[in-house]
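Chemist: Fold the stuff below for me.
(one chain, ligands or ions: 1)
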Amino acid sequence: MRWPRFSRPRDGAFGRAPEGADAQDPRDPAVARARMVADQLRARGIDDDDVLAAFERVERHRFVTDDDPYGDHALPVGSGQTISQPYVVAVMTDAVRPDDGWHDARMLEIGTGSGYQAAILAELGARVVSIERHEELATAARQHLADTGYADRVEVIVGDGSAGWPAEAPYRAILVTAGGPSIPEPLLDQLEPDGGRLVMPVGEREHQALTLVERRGDERSHRDLGPVVFVPLIGEHGHSAR
Ligand code: SAM
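Modeler: From the prediction side, this is the model:
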């Protein structure tokens, strides 16, 4: 078992500017990560120490090729796709936190992209099935996950994730990292009935509302977490390709 993987700073230390930060080299990825967590996540209200710790540990610069991998903006990941700014990844992660914790929680991600979001979930202790429709992105993501030590907790599958992955259902949580016109019914069916959570951008191709669904038996409560802009979910239960 790989959790916990690193020794933790004292409680509550994540997301605070590192001591002597001004004297540290901002090009050092560890320094950039600590600043990202302090300035972009904690300062904007992400206060779960486990989530902050995961963002401080996962090496985002090994999932994206960009001069500013820890910047406060979305980044290209290839095949015309993007990864969201760290804050949006953190909000989505925070929102799907299972009531009984992350440890060995079975999770489904739709839209593997670079593999970064899946690595964050794995770092938190989840077991992740992640589906990507672009084979070249899936291949690169598998490599990133292997290089950073998360391959044993993340299974990357190539296909149309808008129908979910019934073979390993039910899932404690489902994260859809592409925007669709509505929440696909097959995904709701694959959520655990006792408090399973799904987060997905829902709306037009150009802009969506980040939506949290919680399932209790046949009841599903919906909450709007705010406006977002994601690349489209393309597939049988998403938008058409064009
Ligand atoms: N989570 C990713 C990361 O950490 O890098 C970023 C995901 S990016 C915003 C959205 C991804 O969803 C794209 O890679 C896109 O190819 C993928 N996608 C879109 N429709 C899909 C579908 N039906 N099934 C699987 N992946 C899909």
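
Chemist: shouldn't P98 be in contact with I174?
Modeler: No - applying CB atoms under 8 Å as the test, P98 and I174 come out as separate, 11.4 Å apart. The way it works is simple: take the backbone N, C-alpha and C, and place the C-beta from them, glycine included.

Chemist: more neighbours, the two?
Modeler: Comparing P98 with I174 by other CB atoms under 10 Å, the one with more neighbours is I174, at 30 against 20.

Chemist: Against V199, how distant is the more buried one?
Modeler: Distance, I174 to V199, by CB to CB, to the nearest Å: 8 Å.

Chemist: Common neighbours of the two, please.
Modeler: V96 (CB atoms under 8 Å, 6 or more residues apart in numbering).

Chemist: does the ligand sit close to the top helix by length along the chain?
Modeler: Counting residues, the longest helix in the chain under DSSP state H turns out to be helix 135-148. Yes - using CB under 6 Å from any ligand atom, helix 135-148 reaches the ligand at L137.

Chemist: quick thing: my sequence starts at 844, can you match it?
Modeler: Renumbered: residue one is now 844, and that last one reads helix 978-991.

Chemist: which parts of that helix are buried?
Modeler: Counting neighbours by 16 or more other CB atoms under 10 Å, one finds that the buried residues in helix 978-991 are L980, A981, A983, A984, R985, H987, L988, T991.

Chemist: that older thread, identify the contacts common to P941 and I1017.
Modeler: Counting by CB under 8 Å, 6+ apart, the shared contacts of P941 and I1017 are R1040.

Chemist: contacting residues around the closest residue to Y1014 other than its chain neighbours?
Modeler: Spatial nearest neighbour of Y1014, chain neighbours left out: L951 (4.4 Å); criterion: CB to CB, 6 or more residues apart in numbering. L951 is in contact with 971-974, 1004, 1007-1008, 1011-1012, 1014, 1016-1018, 1030, 1033, counting by CB under 8 Å, 6+ apart.

Chemist: From those residues, list the buried ones, please.
Modeler: Here, 16+ other CB under 10 Å leaves 971-974, 1004, 1007-1008, 1012, 1014, 1016-1018, 1030, 1033 buried among the contacts of L951.

Chemist: Find the residue closest to G1046 in space, skipping its chain neighbours.
Modeler: Here the residue nearest G1046, using CB to CB, 6+ apart, is A1052, at 5.5 Å.
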